[in-house]
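Novice: Could you look at this predicted model? Sequence included:
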Amino acid sequence: MFNPNRILRKSMEARLENVSINMRTAKENIADRDYQRAVKFAAKVCIVDEYCVEARYLKGFCYRNLGEFSKAIDTYKKIIDLIPGSAVAHLYLADCLRNAGRSEEAVEYYLQSIRLDTEGDVRELANESILKIKESLAG
């Protein structure tokens with residue numbers, strides 16, 4: 001007998017299992033510093049669950065470590081679209097912009113991360129980065 005609720009439940013269970021396996025594999029690859037493989041598994045999670053912010057952070061982390069700053073920038077911008085109040089995403093985006101040679105744009109995101117930082121976790125890092133940018137522009 002056709003039971004749509006059972007089919008839907010089984011489908012959802014399979015999707016959750018898929019996300020779980022791919023997240024675990026991405027993290028294992030990161031632990032092994034195999035960022036090329038890790039980013040592929042994190043990307044699979046994003047296909048199944050476009051709102052999985054943790055997978056997007058993993059992708060951004062991998063892209064940063066691979067020196068693929070334009071991809072990392074796009075990834076962190078997507079996180080900011082999903083969670084506009086994330087001080088950490090603004091900080092990481094600013095770091096990628098700075099590494100991509102876009103210092104003026106980076107300063108704006110560093111300042112935004114400071115404004116959003118309610119717990120003081122990113123404030124010191126953002127301020128240090130802004131000082132480094134100012135020193136490099138003055139020097």
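Specialist: Everything's here; your move.
Novice: State the pLDDT value of residue 133.
Specialist: Residue 133 is assigned 94 on the pLDDT scale.
Novice: Enumerate every residue touching it.
Specialist: 98, 103, 106-107 (Cβ atoms under 8 Å, 6 or more residues apart in numbering). The C-beta positions use only the backbone N, C-alpha and C, and glycine is treated the same way.
Novice: Which of these fall within helices?
Specialist: 98, 103, 106-107 (DSSP state H).
Novice: Residue 63: neighbouring residues, count only.
Specialist: Using other Cβ atoms under 10 Å, the number of residues around residue 63 comes to 22.
Novice: got the contact list for the residue nearest in space to the middle of the chain?
Specialist: Compute the mean C-alpha point of the chain, and by Cα atoms, centre = their mean the closest residue is residue 57, 2.6 Å away. Contact partners of residue 57, counting by Cβ under 8 Å, 6+ apart, are 79, 89.
Novice: if we can go back for a sec, just the buried ones out of the contacts of residue 133, please.
Specialist: Among the contacts of residue 133, the ones that count as buried by 16 or more other Cβ atoms under 10 Å are 98, 103, 106-107.
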